[in-house]
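Asker: structure for the following, please:
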Amino acid sequence: MSALFDRLSDLFERGHQEDIPDLISDERFAVAERTADAAVLIAVTDRPEPGLILTQRPTTMRDHPGQVAFPGGKVDGGETAVEAALREAEEELALDRKHVRLIGTTDRYQTGTGFDITPVLGVVPADLPLVPHPREVEAWFEVPVEQVFNLSNWTENEVFWRGEMRHYLEMDWQGFRIWGVTAAIIANLSRRIAVEELLHG
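Answerer: Sure thing, here's the model as predicted:
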């Protein structure tokens with residue numbers, strides 16, 4: 001059994017026992033006419049200093065071109081959010097679902113572009129031979145959990161969008177700009193999981 005998996009599962013369960021009213025959301029910006037269920041895989045690598053696997057989307061994509069994202073996409077008819085997240089990770093990175101030890105789904109995130117995203121948390125072995133799909137993934141990388149779960153490492157910015165100020169988090173990691181939806185999902189999850197206990201508990 002994996003010690004990281006056991007600690008993360010325990011902290012995940014404890015962290016979701018109470019409601020957190022002020023999680024980050026773009027729900028107020030959402031355009032009601034265009035909504036779609038989506039799911040992403042938050043894959044935590046099982047190593048002494050665990051990381052999160054992130055991708056960079058090609059600049060040619062219609063939705064969020066060039067942005068850093070978790071593996072994921074729309075939920076197809078007849079499948080659950082968990083099934084969609086695993087399928088998308090296989091399609092985008094050749095990350096075989098048999099390697100993912102699932103922990104659970106965390107707080108849904110509604111984007112301003114009409115996606116209702118369910119993040120799915122799981123643990124994967126370190127150093128899997130991932131292969132990016134050229135049409136869906138420009139590049140992939142791993143960022144340390146300790147780096148992104150510490151909210152003091154993020155910069156808070158704002159932009160005027162759809163008639164009001166939109167606040168968002170941003171971080172540069174080795175040339176990759178992590179911001180927007182991906183940053184918000186990470187920040188929300190970090191409030192559910194005591195990172196010090198996870199890494200040093």
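
Asker: can I get the helix or strand bottoming out on mean pLDDT in the chain in PDB, CA atoms only?
Answerer: In the chain, the helix or strand scored least confidently by mean pLDDT, DSSP states H and E is strand 155-161, which has a mean of 76. The C-alpha trace of strand 155-161 is given here as PDB (Å, rounded to 0.1, in the frame of the first residue of the first chain):
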ATOM      1  CA  THR A 155       0.000  36.100  -7.200                       C
ATOM      2  CA  GLU A 156      -3.600  37.500  -7.200                       C
ATOM      3  CA  ASN A 157      -4.500  39.600 -10.300                       C
ATOM      4  CA  GLU A 158      -7.600  41.100 -11.600                       C
ATOM      5  CA  VAL A 159      -9.100  42.000 -15.000                       C
ATOM      6  CA  PHE A 160     -12.200  43.700 -16.100                       C
ATOM      7  CA  TRP A 161     -14.400  41.100 -17.800                       C
END
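
Asker: I'd like to know which elements that strand is packed against.
Answerer: Packed against strand 155-161 by the contact rule (3 or more C-beta pairs under 8 Å, 6 or more residues apart in numbering; DSSP states H and E) you find strand 164-173. Just so you know, the C-beta spots here come from the backbone N, C-alpha and C atoms, and that holds for glycine as well.

Asker: ranges for the strands of the chain?
Answerer: 36-46, 51-56, 68-69, 72-74, 101-105, 109-110, 115-125, 139-144, 155-161, 164-173, 176-179 (DSSP state E).

Asker: okay if I get those as a markdown table plus mean neighbour count?
Answerer: Shown next, in a markdown table, are these (neighbours: other C-beta atoms under 10 Å):
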| stretch | mean neighbour count |
| --- | --- |
| strand 36-46 | 22 |
| strand 51-56 | 22 |
| strand 68-69 | 23 |
| strand 72-74 | 21 |
| strand 101-105 | 17 |
| strand 109-110 | 20 |
| strand 115-125 | 22 |
| strand 139-144 | 17 |
| strand 155-161 | 10 |
| strand 164-173 | 14 |
| strand 176-179 | 18 |
